[in-house]
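Asks: Need coordinates for the below:
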Amino acid sequence: MRLIGGQWRRSKLPVPDRPGLRPTPDRVRETLFNWLGQDLGGWRVLDAFAGSGALGFEAASRGAAEVRLLERDAALVAVLKAQQQRLGATQVQVERADAMAWLAASAPARFELVLLDPPFDTTLAAPAAALAARLVVPGGFVYVESAAPLAEPPPGLLPHRQLRAGAVHAQLFVAAGGDGHGG
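Replies: Model prediction:
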């Protein structure tokens, strides 16, 4: 897999063979970052179920000032840290954590963008989105990738964009009270 835009465009990302790991397809990542704009300069981004790190590293490549990758699997954390060092991505922090517990304990209004791509064989998308809604600044975004679309927007979030690509349903929500770009 390769990053598709920004500073590290065309850089390869290793994709370890781990149960349930399903990186976001290139077409979906490209669409997401077209929706958000190509330049995420100054944004604070959380990739809560990092997996391969494709979404978080893509955000960092496009200028995000801070990107936090959360991953529970120790082997994936090691791969993410190696990738962070290889790219010299000083704005990326990799943390071994349970995403749901981290989201529940985090301070509110910390991020312009929260990326959620929980394992497809779980029902974590809706509860994770509800927790993420309080973490974004007014006008910030919550991106949810799942096997089925969320039936309703999480409280405090408004539907912004959505797509379906094969088995992937991608939804982008915007937090009420801002201009749609974290401010």
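Asks: isn't there a strand covering Phe33?
Replies: No - Phe33: not assigned to a strand; according to DSSP: H, G, I helix; E, B strand; the rest coil it is helix.
Asks: pretty sure it is touching Glu58, no?
Replies: Yes - Phe33 is within contact range of Glu58, at 6.4 Å (criterion: Cβ atoms under 8 Å). All C-beta spots, glycine's among them, are computed from the backbone N, C-alpha and C.
Asks: neighbour count winner among those two?
Replies: Legend: neighbour count by other Cβ atoms under 10 Å for Phe33 and Glu58, higher for Glu58 (28 against 20).
Asks: Now the more buried one. Its backbone dihedrals?
Replies: phi -60, psi -40 (degrees, to the nearest 10).
Asks: Thr31 is in contact with that one, correct?
Replies: No - at 11.8 Å, Glu58 and Thr31 do not qualify as touching, with contact defined as Cβ under 8 Å.
Asks: how about the strands of the protein, start to end?
Replies: Taking DSSP state E as the test, the strands found in the chain are 44-47, 66-71, 92-96, 111-116, 136-146, 157-165, 168-175.
Asks: Could you save the ones you listed as TSV and add columns showing mean neighbour count, mean pLDDT and distance to Ala54?
Replies: Listed next are the strands of the chain as TSV, based on neighbours: other Cβ atoms under 10 Å; pLDDT from 0 to 100; distance: least, Cβ to Cβ, whole Å:
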stretch	mean neighbour count	mean pLDDT	distance to Ala54
strand 44-47	26	98	9
strand 66-71	25	97	10
strand 92-96	19	97	13
strand 111-116	27	97	10
strand 136-146	24	96	11
strand 157-165	15	94	14
strand 168-175	22	94	13
